[in-house]
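Engineer: Next comes the sequence, and after it the predicted model I'd like to discuss.
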Amino acid sequence: MKDPVILKSYPDGIAVRLDDRMEFPFLLRAVAEKFRESSRFFGESEAVICFEGRCLQPGQEDLLVEAIRENSRIRILCIIGKDRTKEETFRQAGQECRKTLEQRRGYEKFYRGTLQGGQILETEGSIVILGDVNPGCSVISTKDIIVLGKLLGSAYAGGSGCRAHFIAALEMAPQKLKIGDFNYKTKEKGRGRRLDGSGDSRIAFVRNGEIQMQAITKELPAELFF
């Protein structure tokens, strides 16, 4: 009988190949056992996770992520598809986000986990979320918000009323965005979907009296970080 869970380590993360026929509760236990057995190999590390070989139903990805976190010392940065182009995009975005964190070190807080079920995360100062923000959930910060995962819910940065802050995510598809007193205008039918059809890594900031969206690159506006 073939192994229901196969792990493949690569420079920027871990590919998790899942059996496509095993009932999910048994597969979930197999994932937990595999990462528990591999805990010493991976040690305390950061990783991008890619699930392959199986079409996951809503909510199953969150359960798999939680099983990995509970049975290893891996800090999951984000979940990506198996498409090579997207992997490269996320890898580069992750590097740029890490640079941003280094520049602002001492001012941010970390939350490890995925927000779901209408959760609201509110904090003083900047917040870095190592996980996803699902629809119906909200993140509220007096400063900046960085989501090393998918931003599918709502985000409010600059909660003190200051416009000189930003919101960044590895996959930007929010229901609502607000920075200071500025709201991002989205079409009603586009809520909960990718803002421009791309779902790319993006950063939102205030410029010329409105919230603008830009791809995360090395050429980001310098004023965002000082």
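Structural biologist: On my side now, so go ahead.

Engineer: Tell me if I'm right that residue 122 and residue 137 touch.
Structural biologist: No. Assessed by CB atoms under 8 Å, residue 122 is found out of contact with residue 137, at 11.6 Å. Every residue, glycine included, has its C-beta placed from N, CA and C.

Engineer: the more surrounded of those two?
Structural biologist: residue 137 (21 against 12; other CB atoms under 10 Å).

Engineer: contacting residues for the more buried one?
Structural biologist: Neighbouring residues of residue 137 by CB atoms under 8 Å, 6 or more residues apart in numbering: 115-121, 153-154.

Engineer: Distance check, it against residue 168.
Structural biologist: When distance is defined by CB to CB, to the nearest Å, residue 137 is 17 Å away from residue 168.

Engineer: What of residue 43?
Structural biologist: For residue 43, the distance to residue 168 - CB to CB - is 28 Å.

Engineer: count of residues packed around residue 111?
Structural biologist: Close neighbours of residue 111, defined as other CB under 10 Å, add up to 16.

Engineer: What pLDDT does the model give the residue nearest in space to the middle of the chain?
Structural biologist: Residue closest to the average C-alpha location in the chain (CA atoms, centre = their mean): residue 149, at 0.9 Å. At residue 149, the model reports a pLDDT of 90.

Engineer: was I right about it contacting residue 172?
Structural biologist: No. Using CB under 8 Å as the test, residue 149 is too far from residue 172 to be in contact (10.8 Å).

Engineer: Please enumerate the helices of the chain.
Structural biologist: With helices called from DSSP state H, the chain shows them at 24-37, 39-42, 60-70, 84-103.

Engineer: can I get the CA coordinates of the second one in PDB?
Structural biologist: In other words, helix 39-42. Output of helix 39-42 as PDB, limited to C-alpha atoms (Å, rounded to 0.1, in the frame of the first residue of the first chain):
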ATOM      1  CA  SER A  39       9.800  17.000  13.200                       C
ATOM      2  CA  ARG A  40      13.500  16.500  13.900                       C
ATOM      3  CA  PHE A  41      14.400  16.700  10.200                       C
ATOM      4  CA  PHE A  42      12.600  20.100   9.600                       C
END
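
Engineer: What mean pLDDT does it get?
Structural biologist: Rounded mean pLDDT across helix 39-42 is 89.

Engineer: Name whatever forms a beta bridge with the residue nearest to residue 8 when sequence neighbours are not counted.
Structural biologist: Take residue 8 and drop its neighbours on the chain: the residue closest to it by CB to CB, 6 or more residues apart in numbering is residue 15, 4.3 Å away. Assessed by DSSP bridges, residue 15 has beta-bridge partners residue 8, residue 50.

Engineer: What separation is there between residue 15 and residue 80?
Structural biologist: 10 Å.

Engineer: joint contacts of the two?
Structural biologist: Joint contacts of residue 15 and residue 80 (CB under 8 Å, 6+ apart) are residue 50.

Engineer: Comparing those two, which residue is more hemmed in?
Structural biologist: Comparing residue 15 with residue 80 by other CB under 10 Å, the one with more neighbours is residue 80, at 24 against 18.

Engineer: Please spell out the segments of the chain that come in under the pLDDT threshold.
Structural biologist: Low-confidence segments of the chain (pLDDT under 70): 1, 81-108, 160-161, 185-199, 217-226.
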